[in-house]
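> Following is a predicted model, sequence given first.
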Amino acid sequence: MQKQELYIIKIGGNVIDHPEKLDAFLKDLSTIQKPKILVHGGGKLATKLAEKLEIPQEFFEGRRITNAETRDVAVMVYAGLINKNIVATLQKNGLNSIGFSGADANVIPAHKRPVKTIDFGWVGDVETDKINAQFLEKVISEDICPVFCAITHDGNGNLLNTNADTIASSLAVALSTHFEVNLAYCFEKNGVLENIDDENSVIAKITPETYIQLKEKNIVNEGMIPKIDNAFAAIEKGVKSVFIVKETFLKKLINENNRTSGTEITQ
Ligand SMILES: Nc1ncnc2c1ncn2[C@@H]1O[C@H](COP(=O)(O)OP(=O)(O)O)[C@@H](O)[C@H]1O
Ligand SMILES: CC(=O)N[C@@H](CCC(=O)OP(=O)(O)O)C(=O)O
């Protein structure tokens, strides 16, 4: 029997930081009739609030070093302000949705990242094989769109800050045993760019071989590296397709199967 299609869509912090862009994106998302899950970041907003509260922020390879105070800010911003506002906006647009952290219904168990050269603090590494996919299937079968923030838990009462790209990739892998999963990373640029200052220089396809060259030439760097690493992790474990696209293109990509923009990550 053919598996049902499922779209896992991730929206990043640079869009969330612009209320009018986020509003337009959520309106577009609400036009997609196919089963879907939304995962949102919000790193930019967390950094702004932490700075207002005079809590210094530090990053290593795109991940936030998360002490107890920063973890509290992350929980307030991701699981509270952003997640609830997104759900309310989707309801306004007629898309029934429900907000989750990874602790809710034990959907995303994780463990605190072990200390090696860097102590990341309260940062979680997802235990993909323990994701509660059955529960999500039930929610999706009720025609309700799950909306995930970047918070997981360790089973011992501790919430963990977890990169939102990793959450999207882990959910995609866990759900691919039940669904034919397509993963779309939406952000503010037209795709992965050959020249970061030229929106017309989109790289249409990235394979493991071309990725090595792009990194060597420093064409991809910063936040794009964990995003592409997560994309490959998904493709290698049974996810059908992964695209990195501008947030305004999502509707065309899914509703019209339009492949004229954005970057596909393939094996
Ligand atoms: N070659 C590239 N093409 C596009 N963006 C790139 C590239 N290399 C690095 N980047 C950076 O990666 C960022 C996206 O990663 P990130 O900031 O983590 O976004 P998000 O919050 O959407 O996950 C872009 O805003 C851009 O600054
Ligand atoms: C551990 C870690 O780095 N967590 C991320 C979670 C939010 C996120 O991923 O947001 P964007 O998608 O907007 O970047 C952070 O706190 O920035």
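That came in fine, so what should we check first? Since the structure is predicted, the reported quantities are computational estimates derived from the model, not experimental observations. Ligands and ions are numbered 1, 2, ... in the order given.
> before we move on, what SS does Lys215 have?
Here Lys215 is helix, with the state taken from DSSP: H, G, I helix; E, B strand; the rest coil.
> could you measure it against Pro114, distance?
Noted for Lys215: a distance of 25 Å to Pro114, by CB to CB, to the nearest Å. For glycine as for every other residue, the C-beta is placed from the backbone atoms N, C-alpha and C.
> ok, and does the helix or strand harbouring Val181 reach over to ligand 2?
When elements are assigned from DSSP states H and E, Val181 belongs to strand 179-187. No: if you take CB under 6 Å from any ligand atom as the test, strand 179-187 misses ligand 2, and the best it gets is 8.3 Å.
> Residues contacting that strand, please?
Applying CB atoms under 8 Å, 6 or more residues apart in numbering, the contact partners of strand 179-187 are 2-12, 14-15, 25, 35, 165, 168-169, 172, 175, 227, 231, 234, 238-247, 249-250, 253-254.
> and after that strand, which helix or strand comes next?
Using DSSP H and E, the helix or strand that follows strand 179-187 towards the C-terminus is strand 205-206.
> just checking, what packs against that following strand?
Applying 3 or more CB pairs under 8 Å, 6 or more residues apart in numbering; DSSP states H and E, we find strand 205-206 packed against strand 263-265.
> distance between the strand it packs on and the chain's centre?
Centroid separation for strand 263-265 versus its chain: 16 Å, with CA atoms, centre = their mean, to the nearest Å.
> Could you please name the strands it pairs with and the direction of each pair?
As defined by DSSP bridges, the strand partners of strand 263-265 come to strand 205-206 (parallel), strand 241-246 (antiparallel).
> more neighbours, Lys215 and Pro114?
Neighbour totals were compared for Lys215 and Pro114, and Lys215 leads with 14 against 8 (other CB atoms under 10 Å).
> Excluding chain neighbours, what is closest to that one?
Ranked by CB to CB, 6 or more residues apart in numbering and with sequence neighbours excluded, the top spatial neighbour of Lys215 is Ile225, at 7.1 Å.
> Am I right that that neighbour sits in a helix?
Yes: assessed by three-state DSSP, Ile225 belongs to a helix.
> Just to check, it is in contact with Arg63?
No: look at Ile225 against Arg63 with CB atoms under 8 Å: they stay out of range, at 10.9 Å.
> Settle it for me: which of the two has more neighbours?
Arg63 (18 against 15).
> need the contact list for that one.
Counting by CB under 8 Å, 6+ apart, Arg63 touches Phe120, Val123, Asn163, Pro226.
> mind redoing it with 7 Å?
By CB atoms under 7 Å, 6 or more residues apart in numbering, the residues touching Arg63 are Phe120, Val123, Asn163.
> got the contact list for the residue of the stretch 1-150 of the chain found nearest ligand 1?
Relative to ligand 1, the nearest point of the stretch 1-150 of the chain is Gly12 (1.8 Å; CB to the nearest ligand atom). Counting by CB under 7 Å, 6+ apart, Gly12 touches Gly41, Cys186, Phe187.
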